[in-house]
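**Student:** here's my sequence, what's the structure:
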Amino acid sequence: QVQLVESGGGSVQAGGSLRLSCAASGRTFGMGWFRQAPGKEREFLVTINWKSGNTYYADSVKGRFTISKDNVKNTVYLQMNSLKPEDTAVYYCAAGNPEIGKYDYWGAGTQVTVSS
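**Tutor:** Prediction:
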């Protein structure tokens, strides 16, 4: 069983930045970040492989969001720049095997609100 705890959410004006953290109690193949806005389906954002560091981004965030990891702390980060009001959502981290799109563990989520 792996527990995930997200932090770093909050409110920011458009054009601003936030950094989310996801601390994992154990190690899986990789991690991913997702988000869900009110009335919308959950959206994939980015994944990272713990061992190789390989990443894969959704087009919607490529160039604005950056995922990174700290293998010692078992923590994954999501640096979000040039935020837009449409980035407003609850952001979730997940652990599992991103190579096959299988995530076994999910965090509780952290709210990000971007005002215009």
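**Student:** wait, isn't Gly96 in contact with Phe29?
**Tutor:** Yes: using Cβ atoms under 8 Å as the test, Gly96 is close enough to Phe29 to be in contact (6.7 Å). For every residue, glycine as well, the C-beta is placed using N, CA and C.
**Student:** what segments of the chain are strands?
**Tutor:** Here the chain has its strands, by DSSP state E, at 4-7, 10-13, 18-24, 30-36, 43-49, 55-57, 65-70, 75-80, 89-97, 102-106, 110-115.
**Student:** the residue most central in space within the chain: what's it in contact with?
**Tutor:** Central residue of the chain (Cα atoms, centre = their mean): Trp33, 2.8 Å from the mean position. By Cβ atoms under 8 Å, 6 or more residues apart in numbering, the residues touching Trp33 are 20, 22, 45-47, 65, 67, 76, 78, 91-94.
**Student:** tell me which of Gly96 and Phe29 has more neighbours.
**Tutor:** Comparing Gly96 with Phe29 by neighbour count (other Cβ atoms under 10 Å), the higher total belongs to Gly96, at 19 against 16.
**Student:** apart from its neighbours in sequence, what residue is nearest that one?
**Tutor:** Excluding the flanking residues, the one nearest Gly96 by Cβ to Cβ, 6 or more residues apart in numbering is Tyr103, at 3.8 Å.
**Student:** equivalent analysis for Val5, please.
**Tutor:** Ala23 (4.9 Å).
**Student:** hmm, Thr88 and Gln36 touching each other?
**Tutor:** No: with contact defined as Cβ under 8 Å, Gln36 does not reach Thr88; the gap is 10.7 Å.
**Student:** these two: who's more crowded?
**Tutor:** Thr88 (17 against 14).
**Student:** okay but that one is in contact with Gly39, surely?
**Tutor:** No: judged on Cβ under 8 Å, Thr88 makes no contact with Gly39 at a distance of 11.7 Å.
**Student:** residues in contact with Cys93?
**Tutor:** With contact taken as Cβ under 8 Å, 6+ apart, Cys93 is in contact with 4, 6, 20, 22, 31-34, 76, 78, 106-107.
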